[in-house]
Every structure is written in C-alpha cells, then in structure tokens.
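A.B. asks: take this sequence and fold it.
(one chain, ligands or ions: 1)
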Amino acid sequence: MSGRRMCKSALIVMGLLGVMLAPFASGSARGQAGGGTVTFLLPENVTARWEEQDKPFFTESMKKYAANVKVDVVNALNDQSRQQSQAEAALTNGARVLVVIPVDQVAAAAIVKEAGKSKVPVIAYDRLIKNSPVDYYVSVDGVDVGRLQGRWLESHTKTGDNIAVVNGSPTDDNAHLFNTGYMSVLDPLFKSGKRTQIGNVWTPGWDPSKAQQEMEQILTQHSNNVQGILSANDGMAGGIIAALQAQGLAGKIPITGLDATLAADQRILRGTQSMTVWRSLREEADKAAQIAAALVRGRKPPESLFPNGKTVNNGMVNVPWAPLRPIVVDRTNMAVLIQDGSIGKGQLCNGIPHGTGPC
Ligand code: BGC
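C.D. replies: Numbers count the residues shown, from 1 in each chain. Sure thing, here's the model as predicted:
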C-alpha cells in the first residue's frame, strides 16, 4: 500500500468515525435533533423561587419536551461576572441553548454576544436582557405586577397614612417595571397629600437582610410611624417583617409581596404579611422549556406561546415574549397555589391552625 493510499483510507475511516460520533459530540451537534445540553443560569439564592421552584419545574418540563436533553443548572449568587463565566463555560462545553435570568440587565448583553458567536440562542427568563439580540423572553408584565401591589396598598391604607417603598435590585429590569407599576398608583397619592412617602429605597441583589436594615432605618427615622409598606417581593418582605417584629409591629402594618414563596404564604396565613402577587412559576418554566426544546431541535417554538405576536423591545430588537398572568393572592384564594401544583397542601399547612385559609 502506497503512502498516499494509506493516507486516503485513513482519512475515509476518520471521516466515517466523525459522522458516527457527531450526534454524541455536544459541541458539534448544534442544530441537530436530540441530545446536548441546555444551561439554566439562575441569578441568586437569596430569593426562594429560583432554586425551590424554577429549577425543578424547568428540569421537569424539559424531561417532558426533550427527554434526551441534559439540563445544567448554575447559580450566579448575585454576581454578574460569575454569571458571565458560567455562560462562557456552558458555551465551551457545547450548550445548545442558554436560559438566562440575568443578575445585571445591561452587563448580561455580553453573554448574548458570546452565545451569538457560537450560534447558541438565548432565552431571557423572567428578567429581560437589554440592548442585545436576545431570542426569546418569558415573563409576566412587570408593570402589571407593580400596579396590583400599588392598588392593593392604596385600598388597605387611608388618607394621612405614611408609606415606605422598598424596591428591588437596581440592576434588574423587573425592579424598575414593578416600580413603574406601583408608582403609577402611589405617586398621585403622594402628590395630592393623601399619603406621605417616608422612604424609597433600592435593595442591591434583592437581599432580604439588606431590606431588613433598610426597614430598621426607616422605623428609627420615623419613630415607627409607618402605616403601609410596599415591598417589591416576598424575600424582602421577610426581612422587613423581621424588622417590624423587633418593634412589636408585625401583623399591624399592611405589607405587599411577590412570588408566593412557601415562607411568605405561611406568613400570610399567620397574619404577618398581607398579600403576595403570583404568576405560575410552573407555567413560566414550562413555557421556557417548550421554547428551549424546539430550539434544540432547530425548530421554531410554538406560535401559541406568543399570543398576537407579542414582543418586548429591549433597546435593540423586538424580542418575542411569552407572557404570564399575575394575580393577587391572600388568605381567601390561596387554594389556587395548591390547585396549580406550586405547593403541596401538607407543606403549606404545616404548623398553621386548622381553618386558616385553605388549611
Ligand atoms: C423576579 C422576582 C424575584 C426577584 C428577586 C425578579 O426579577 O421577577 O420574582 O423575587 O427578581 O430574585
């Protein structure tokens, strides 16, 4: 056998091996049917929803729509540069789709850019990523959420009351959308003097312990003269309520929330938190999984996920938007969480007096 012929047959064998192995090589299998990895990038672990709900719900739904696709879940612990490295590692390891909850809505554009280089689509999950060619967005309308919180607080306070506003993380698009929503209700009340704003603080990383400190300061500055608290989510409400408890005020001041976390639901049943806003996280995760599963197969996601061709503009592109419906949850309708499968009755009612809400 001449050297040239040997070389040619070796090439043929290598070529054949390549074809046979391609479906197993995650990096080179992009766009092909089946296999591969989808990476779910969580933002932090100081808010219960991400690890306790979104993670298991998304993993479960991916099994339903793409059983042969592996789901990797990483958590940035509120550190944008950590999230950037996690995204880069996922791309290097051949992830086929990134599902990102950005820590920083602006800085995360670098993740989208990096993914674009490898032709890996990015789904912005729950939080939008600004000024970048994001492929899809799955989220509730944040302004609607804020409006529900604001209206609730308006109707549970009276003329002359002092209201403290505790906003979420300044780097999260949602925190601003929620703020737009509740301020559309509260600002006119502040301007007309029907209510007095006695605090308006932003909470880096949505950190409950920071929210607690913020509330302690507000209480001190105003000698505990507070009659209503707008807390942008449940995690922070937990911190704020701890501050109220220390002054013997827990359960005496109306306070809002968001997410219907187990801890918040139990506080609502015990009477220390007044309400929460809820959208089904099971549904949110399921919609994202449907999109991711389609993308892994190189297909377009089902159009039914984007009613009336709904999009959101992120400063660069109109991103197709799969929406969710927010509702107010309090003691009277908490059974909806059990019906949705978000929470088990046993879990919710553990330690709660019989006859309270759905317990
Ligand atoms: C989410 C909330 C969550 C908050 C803190 C927001 O972007 O919409 O559900 O409580 O982040 O993680």
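A.B. asks: show me what contacts the residue nearest the centre of the chain?
C.D. replies: Centroid-nearest residue in the chain: residue 126, 4.1 Å away (criterion: C-alpha atoms, centre = their mean). With contacts defined as C-beta atoms under 8 Å, 6 or more residues apart in numbering, residue 126 is in contact with 54, 101, 138-140, 174, 284. In short, each C-beta sits where N, CA and C put it, glycine included.
A.B. asks: domain ranges for this structure?
C.D. replies: 33-141+280-324, 142-278+328-349 (automatic domain parsing).
A.B. asks: the ones you listed into CSV, with extra columns for mean pLDDT and distance to the ligand?
C.D. replies: Formatted as CSV, those follow (pLDDT from 0 to 100; distance: least, C-beta to the nearest ligand atom, whole Å):
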stretch, mean pLDDT, distance to the ligand
domain 33-141+280-324, 97, 4
domain 142-278+328-349, 98, 4
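A.B. asks: export the ones you listed as CSV, with columns for distance to residue 357.
C.D. replies: Below are the domains of the chain laid out as CSV (distance: least, C-beta to C-beta, whole Å):
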stretch, distance to residue 357
domain 33-141+280-324, 18
domain 142-278+328-349, 4
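A.B. asks: residue 58 contacts residue 291, correct?
C.D. replies: No: using C-beta atoms under 8 Å, residue 58 is not in contact with residue 291; the gap is 11.1 Å.
A.B. asks: before we move on, the earlier item: buried subset of the contacts of residue 126?
C.D. replies: Buried members of the contacts of residue 126, scored by 16 or more other C-beta atoms under 10 Å, are 54, 101, 138-140, 174, 284.
A.B. asks: how about the strands in the chain?
C.D. replies: Along the chain, the stretches classed as strands by DSSP state E are 37-42, 70-75, 97-100, 122-125, 136-140, 161-166, 195-201, 228-231, 276-278, 311-313, 318-324, 327-329.
A.B. asks: could you point out which of those strands sits nearest residue 256?
C.D. replies: strand 228-231 (5.5 Å; C-beta to C-beta).
A.B. asks: list the contacts of that closest one.
C.D. replies: Contacts for strand 228-231 (C-beta under 8 Å, 6+ apart): 149-150, 153, 156-157, 161-166, 182, 186, 195, 211, 215, 237, 240, 253-257.
A.B. asks: if we go to 6 Å?
C.D. replies: Here strand 228-231 makes contact (C-beta atoms under 6 Å, 6 or more residues apart in numbering) with 153, 157, 161, 163-166, 182, 237, 240, 253-257.
A.B. asks: next, the contact list for residue 49, please.
C.D. replies: Applying C-beta under 6 Å, 6+ apart, the residues near residue 49 are residue 259.
A.B. asks: can you name the residues that contact residue 90?
C.D. replies: residue 39 are the contacts of residue 90 under C-beta under 6 Å, 6+ apart.
A.B. asks: circling back to that earlier point, redo the strands of the chain as a markdown table? Include distance to residue 346.
C.D. replies: Converted to a markdown table, these look like this (distance: least, C-beta to C-beta, whole Å):
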| stretch | distance to residue 346 |
| --- | --- |
| strand 37-42 | 26 |
| strand 70-75 | 26 |
| strand 97-100 | 30 |
| strand 122-125 | 29 |
| strand 136-140 | 28 |
| strand 161-166 | 32 |
| strand 195-201 | 37 |
| strand 228-231 | 27 |
| strand 276-278 | 19 |
| strand 311-313 | 38 |
| strand 318-324 | 26 |
| strand 327-329 | 19 |
